[in-house]
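A.B. asks: Could you work out the structure for the sequence below:
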Amino acid sequence: MSRIKDLTGLKTGKLTVLSFYGRVKGKSMWNTLCECGNKKVIYSYSLSSGGTKSCGCIQKEVFGNITRKHGNSYHPLFGTWRAMHSRCSSPKAQGYENYGGKGIYVCDRWSDFLLFVSDMGDKPTSKHSIDRIDNDKEYSPDNCRWATSFQQNANQGLQKNNTTGISGVTFSKGRFVCKVKRHGENVLYKTLKTLEEARELLANFKQMEKLNGVT
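C.D. replies: Numbering: from 1, shown residues only. Below is the predicted model:
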């Protein structure tokens, strides 16, 4: 196990690191105290990089402003920007458990909608959506791109518990699970007896998507 860098006493934004919490899925996490009085456990990377600067109170303030009347609400990228902030900061948002609930955040720079537009540019096509290049890191200019659903699915690669060697097919409790996600939601989920059945189902599903123009 690699030596853990001691972050105790580190101050970043509104946060002060209090003590080491432990490792979660191999990643170091720390107990922190926010200036607003809330305590939160945060990933080491998010603290040392300066990406996380509060317990979430800054993003909640940003999201609160977003939900009010906004001068750029008719911009074609406004919905993308608002949804990105929502799933990272609002526990009531669809998919929050896979974003904010896992420590994914939006960089401070992108609290400004116009800077987000400047950094990302227009979507190449209507089929493109925002994608994090490294799914364990934040929404930021260096870690985001416009990608099709096919590219996003490929970017996820094999899950750590995947022993089948096929992206989209895992083995669990004596059954093969064929699963495809689009934008955080299952569009295909089925358990099968054999790997060949799962492989064939996945191939047929992808072929059907291709025929329907999903790329």
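A.B. asks: lowest-pLDDT helix or strand in the protein?
C.D. replies: helix 57-67 (a mean of 59; mean pLDDT, DSSP states H and E).
A.B. asks: Let me see the domain layout of this protein.
C.D. replies: Following automatic domain parsing, one finds the domains of the chain at 11-48, 57-147, 152-211.
A.B. asks: Residue 78 contacts residue 114, correct?
C.D. replies: No: Residue 78 lies out of contact with residue 114 (C-beta atoms under 8 Å); the separation is 10.7 Å. Any C-beta I mention is one placed from the backbone N, CA and C, and that applies to glycine too.
A.B. asks: more neighbours, the two?
C.D. replies: Neighbour totals were compared for residue 78 and residue 114, and residue 78 leads with 17 against 11 (other C-beta atoms under 10 Å).
A.B. asks: Which parts of this protein are strands?
C.D. replies: Secondary structure of the chain (DSSP state E): strands at 11-12, 15-24, 27-34, 39-43, 129-132, 144-147, 169-172, 175-182, 185-192.
A.B. asks: got any ranges where this structure has weak pLDDT?
C.D. replies: 1-2, 51, 58-73, 150-165, 183-184, 212-215 (pLDDT under 70).
A.B. asks: Give me the most central residue, it.
C.D. replies: When C-alpha atoms, centre = their mean is applied to the chain, the residue found nearest the centroid is residue 99 (4.5 Å).
A.B. asks: neighbours of the nearest residue to it once chain neighbours are set aside, just the number please.
C.D. replies: Among residues not flanking residue 99 along the chain, residue 87 sits closest, at 4.3 Å (C-beta to C-beta, 6 or more residues apart in numbering). Counted by other C-beta under 10 Å, the residues lying close to residue 87 total 22.
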